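S.K.: Show me the folded form of this:
(one chain, ligands or ions: 2)
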Amino acid sequence: MKVSVQDAAPQAEETLAKYIQRLRAECTSTQKELSLKAGIHIQTIRKIEAGLTNRLNQKAKSGLAAALGIPQDYLDAVVKKVPLAAITALKFCPQCWTPGTTPDPMWTDLRSKYCFACATALRNRCVDCHEPILSLKFKFCPYCGASYKQVVRNA
Ligand SMILES: [Zn+2]
Ligand SMILES: [Zn+2]
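M.R.: Ligands and ions are numbered 1, 2, ... in the order given. The predicted model follows:
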């Protein structure tokens, strides 16, 4: 059974440990099943669920996101303890958006995945270093200096 996107979103004040436990329970998988599905060591999952670690490396993050059927942003939001909206709302079309301007509300809608005008996949993280975009007032990624606006041929 797939968890619905609404329920899958982290709740306010939810810790990474609680969040992973909850999602895993909703998918009714064991720690071992989750570890196999996510391609990460069961020890890592035990540590996360025991609240012994609040860090996820890129591999654990993408593995867990895929296994639990959630966007990686959800995990970012929990790990960084920021409201989900702060992460997911910053989306834009890398083709149509003019850096420094307010992004169209059609892009920032939580349900939007593709640009309404050109169908390019919307972006909310840096293409180069995959750090979430913190402010659309920036024209370049503060972490690696890549430009947020990009001409992508086949997104
Ligand atoms: Zn577009
Ligand atoms: Zn970057």
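S.K.: so Glu131 makes contact with Phe138?
M.R.: No: the pair formed by Glu131 and Phe138 falls short of the contact definition of C-beta atoms under 8 Å, at 11.3 Å. (C-beta placed from N, C-alpha, C; glycine too.)
S.K.: count of residues packed around Ala17?
M.R.: Residues within reach of Ala17, counting by other C-beta atoms under 10 Å, total 17.
S.K.: Repeat that for the one 4 residues further on.
M.R.: The tally of other residues near Gln21 (other C-beta under 10 Å) stands at 18.
S.K.: so it sits in a strand?
M.R.: No: under DSSP: H, G, I helix; E, B strand; the rest coil, Gln21 sits outside any strand and is assigned helix.
S.K.: who touches the residue lying closest to it once chain neighbours are set aside in this structure?
M.R.: Nearest non-adjacent residue to Gln21, counting by C-beta to C-beta, 6 or more residues apart in numbering: Glu49, 5.2 Å away. Contacts for Glu49 (C-beta atoms under 8 Å, 6 or more residues apart in numbering) come out as 17, 20-21, 24, 31.
S.K.: tell me the pLDDT at Glu49?
M.R.: Per-residue confidence (pLDDT) for Glu49: 97.
S.K.: Now do stretch 72-81: distance to the chain's middle.
M.R.: 7 Å (C-alpha atoms, centre = their mean, to the nearest Å).
S.K.: for stretch 22-35, same thing?
M.R.: 19 Å.
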